[in-house]
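[1] Sequence first, then the predicted structure:
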Amino acid sequence: MARARHLLLLRHAKSSWADPALADFDRLLAPRGERGASRMGAEIARRGWLPDLVLVSPATRTLQTWRLASAGWPQPLPPLDCPHALYAAAARAILAEARAVEAGVRCLLIVGHNPGLEDLSAGLAGPGSDGRALLSIAEKFPTAALARFEIESPWDALQFGTARLTHFIRPRDLA
């Protein structure tokens, strides 16, 4: 049997609403968000879940989340792509980006927004998913939270209900 692929879905960290003149796309992270992104990145590295490829929404807060999360990771960092389609994307649009990933990628990290990530996480989770993680996602997919999936199929065959949700980690779980 082929080795499983892994999909990591990371919601951007807590953003700031301090400057009402900024467009949604340009909002920065709040100090709490900066801490949350750094903590989640350290946890990803501690668990050995480092990705081979990273897809990040081009919004300022998602790029900041990625930079802070990966700041302590081994160099060189994995390849990064920022498809505009990920900005405020619905679940199906995010799934389409994952399905387009090259077959050789074993671990994919997507940094994006809600409600798309929450909807995708709930939709992907199939048989064998962790019940506690499913309940947590159903309750709320907070900022800087991470869902981790195991996938047996190739990326281009990924469908709703075909992945196994193994972990759901919120920043408060790391305090």
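    Yep, it's here. Numbering: from 1, shown residues only.
[2] can we go C-alpha only for contacts and neighbour counts from here?
    Fine.
[3] In this structure residue 133 contacts residue 168, no?
    Yes. Between residue 133 and residue 168 there is a contact at 5.0 Å, judged by C-alpha atoms under 8 Å.
[4] who's more crowded, the two?
    Between residue 133 and residue 168, counted using other C-alpha atoms under 10 Å, the more crowded position is residue 168 (23 against 19).
[5] tell me the pLDDT at the more buried one?
    pLDDT for residue 168: 98.
[6] quick one, what contacts it?
    Counting by C-alpha atoms under 8 Å, 6 or more residues apart in numbering, residue 168 makes contact with 133-134, 136-137, 145-148.
[7] Okay, and which of those residues map to helices?
    Mapping the contacts of residue 168 onto helices (DSSP state H) picks out 133-134, 136-137.
[8] Now for residue 20, how many residues are close by?
    Neighbours of residue 20 under the rule other C-alpha under 10 Å: 9.
[9] Now do the phi/psi pair for it.
    Backbone torsions for residue 20, taken as degrees, to the nearest 10, come to phi -70, psi -10.
[10] Highest neighbour count among the ones in helices among the contacts of residue 168?
    In terms of neighbour count, residue 137 stands highest of the ones in helices among the contacts of residue 168 at 22 neighbours, by other C-alpha under 10 Å.
[11] how far away is that residue from residue 114?
    According to C-alpha to C-alpha, to the nearest Å, residue 137 stands 12 Å off from residue 114.
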